[in-house]
Each structure stands twice: as C-alpha cells, then as structure tokens.
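Peer 1: test case, fold it:
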Amino acid sequence: MNQQILTVTSNRALTAQVYEMKLAGDMGVFTRPGQFINIRLDGFYLRRPISVCDIEGNELTILYKVVGHGTEAMSRLTEGAKLDVLCGLGNGYDPSKSGENPVLLGGGVGIPPLYLLAKQLIAKGAAPSVVLGFNRADEIFYEEEFKALGIPVTVTTADGSYGVKGFVTDALPERYSYFYTCGPEPMLKAVYRKAVTSGQFSFEARMGCGFGACMGCSCKTITGYKRICREGPVLEKEEILWES
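Peer 2: Predicted structure coming up:
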C-alpha cells in the first residue's frame, strides 16, 4: 500500500452515469491488472474504492459510476484537483495462467479492470476475446477502446437494444483456454456455473478501510474467509464457496 497525492488530469462523462478520470502520480507501486485505489474525498468519512482501468507512464485511468453523494462529488472534480489516494491495493489478476486464447467477461462497472488485463495479455502473446455486458444500449462504454486493441469484442444487453440479447454467459465463445471476469455477484455466479475452464473472479464489495484491517468485506473460500480488499479482490474459481 502506498499513500500519495494524485492530480486530476481529466474527468469526463462516458454515459449519463459513468465517468472516466485520469490521475497523475507515481505508478510504480502497481504490479498487476485488477488492483484498485481508495480515494479520500473532502467531507466524506469513508474512502471510495475504484478499480484501475489503465496505466500509461505516470498516468492512471479509472472509470466510476455516479451512485451516491461521494461519486457525484467526484464527477464535479476538474483538471488540477488534488486527491489523497491509497494506491496499489489488492492482489490483481494473474495473466500468466491465461493460456493462448482466454476470454474476459465484464458486467457494467466491473468492466474497467479488464482493459489493462487485455493489454497485458496481448503484450505477452495471448489472443484474448472480450464480452461486455450491459442492461441497455445507452449504458455502453469502452466498446471502441477494447476494439482498438485489435481483439474480438462482443457486447450483450439484457433488453436486446444492442448486440447480443442476454447476459455475458449467453455470448461465451465455443472455445477458450481460461477466463477472467468482474461484475456484480449474480453475474459472477452465472459465469461460475457455465464456464468450462478454470478462471479468476474479481469481486465487487463495499469496503471500510480498503487494506484488510476492518474485516468488513470477507468472502467464504475453501480455506476460510478471505478479505476482498486484501487477499482479493481476485479469487480463483476452485477456491470460492458461494453463500446460499
């Protein structure tokens, strides 16, 4: 964990609720895709955990959804604003287990960490494909950014207003060597049931401290409870025990 002051270099709306923010600072503490940051906002007691979407040089990209007063305050931040941020949190994905043609499955605001993962998989010679899941067409973001990486991208919408009608599990390719996924728990459970290979799940959870002290974001596994913020947010398929 590393605490530093990051500078907002841009902050723009991608959809009615989803924003892209870029932050400048020392990015050397990040070691894997799928890690997250925890942002302190003036006037709010708890920090906001946000997954890392991309890192280029000394600039980090996050995507966040405005769902409450804290993220609404984030959406009003302008270029040059300073933020107190805990960096390099969580374990992240392990790209080394991907095999030749992994599939990346993301739902809503679970999509961002898959972007940096896709870039790193391509860099190591893998040929990933991506399935992005949304409720409807006006919620879609980052489709073109993934396509610009030169990989197959499929978009699903629950209401059928764009792409494949249904959920990410309805667009699983016939063959894939491994899977990586992030999204709401019902989606993760559906992927767990349908996927035919091993894979890695990144869990979304409400967090208190963000670094393992409060035990407020635990998940049941075959070796006991693990903290999503500390031992996670990424867990492997074989270790997860779903709560009924």
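
Peer 1: longest helix of the protein?
Peer 2: The helix that spans the most residues within the chain, counting by DSSP state H, is helix 112-123.

Peer 1: need the longest strand for this protein.
Peer 2: The strand that spans the most residues within the chain, counting by DSSP state E, is strand 2-13.

Peer 1: can you list the strands that that one pairs with?
Peer 2: strand 18-24 (antiparallel), strand 82-89 (antiparallel) (DSSP bridges).

Peer 1: can I get the CA coordinates of the last one in PDB?
Peer 2: Extracted C-alpha coordinates of strand 82-89, given in PDB (Å, rounded to 0.1, in the frame of the first residue of the first chain):
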ATOM      1  CA  LYS A  82      -5.600  17.000  -5.800                       C
ATOM      2  CA  LEU A  83      -6.800  13.700  -4.300                       C
ATOM      3  CA  ASP A  84      -5.400  11.800  -1.300                       C
ATOM      4  CA  VAL A  85      -5.200   8.200  -2.700                       C
ATOM      5  CA  LEU A  86      -4.200   4.800  -1.300                       C
ATOM      6  CA  CYS A  87      -2.500   3.100  -4.300                       C
ATOM      7  CA  GLY A  88      -1.600  -0.500  -5.300                       C
ATOM      8  CA  LEU A  89      -4.300  -2.200  -3.200                       C
END
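
Peer 1: gap between the longest helix of the chain and the chain center?
Peer 2: Its chain's average C-alpha position is 11 Å from that of helix 112-123, according to C-alpha atoms, centre = their mean, to the nearest Å.

Peer 1: got a list of contacts for the longest strand of the chain?
Peer 2: By C-beta atoms under 8 Å, 6 or more residues apart in numbering, the surrounding residues in contact with strand 2-13 are 19-26, 29, 59-60, 74-75, 77-88. Yep, even glycine has a C-beta here, placed from its N, CA and C like the rest.

Peer 1: any buried residues in it, and which?
Peer 2: For strand 2-13, burial by neighbour count (16 or more other C-beta atoms under 10 Å) applies to 4, 6, 8-9, 11.

Peer 1: pLDDT weak spots in this structure?
Peer 2: Residues of the chain meeting the criterion pLDDT under 70: 1, 204-232, 243-244.

Peer 1: name the element the most far-flung residue of the chain relative to its centre belongs to?
Peer 2: In the chain, residue 43 marks the outermost C-alpha relative to the chain mean, sitting 25.9 Å out by C-alpha atoms, centre = their mean. Assigned by DSSP states H and E, residue 43 belongs to no helix or strand.

Peer 1: contacting residues for the spatially closest residue to residue 99 that is not a sequence neighbour?
Peer 2: Using C-beta to C-beta, 6 or more residues apart in numbering and skipping residues adjacent in sequence, the residue nearest residue 99 is residue 177, 2.7 Å away. Contacts for residue 177 (C-beta under 8 Å, 6+ apart) come out as 98-102, 197.

Peer 1: related to what we said a few turns ago, and the contacts of the longest helix of the chain?
Peer 2: With contacts defined as C-beta under 8 Å, 6+ apart, helix 112-123 is touched by 33-36, 51-55, 62-63, 92-93, 95, 98, 102, 104-106, 128, 130, 142, 145-146, 149-151, 180, 182, 202.

Peer 1: can you give me the offset of stretch 155-162 from its chain's centre?
Peer 2: 20 Å.

Peer 1: okay, now residue 112: neighbour count?
Peer 2: 26 (other C-beta atoms under 10 Å).

Peer 1: ok, now how distant is it from residue 85?
Peer 2: 16 Å (C-beta to C-beta, to the nearest Å).

Peer 1: what sits closest to residue 188 if chain neighbours are left out?
Peer 2: Closest residue to residue 188 apart from its sequence neighbours, by C-beta to C-beta, 6+ apart: residue 201 at 5.3 Å.
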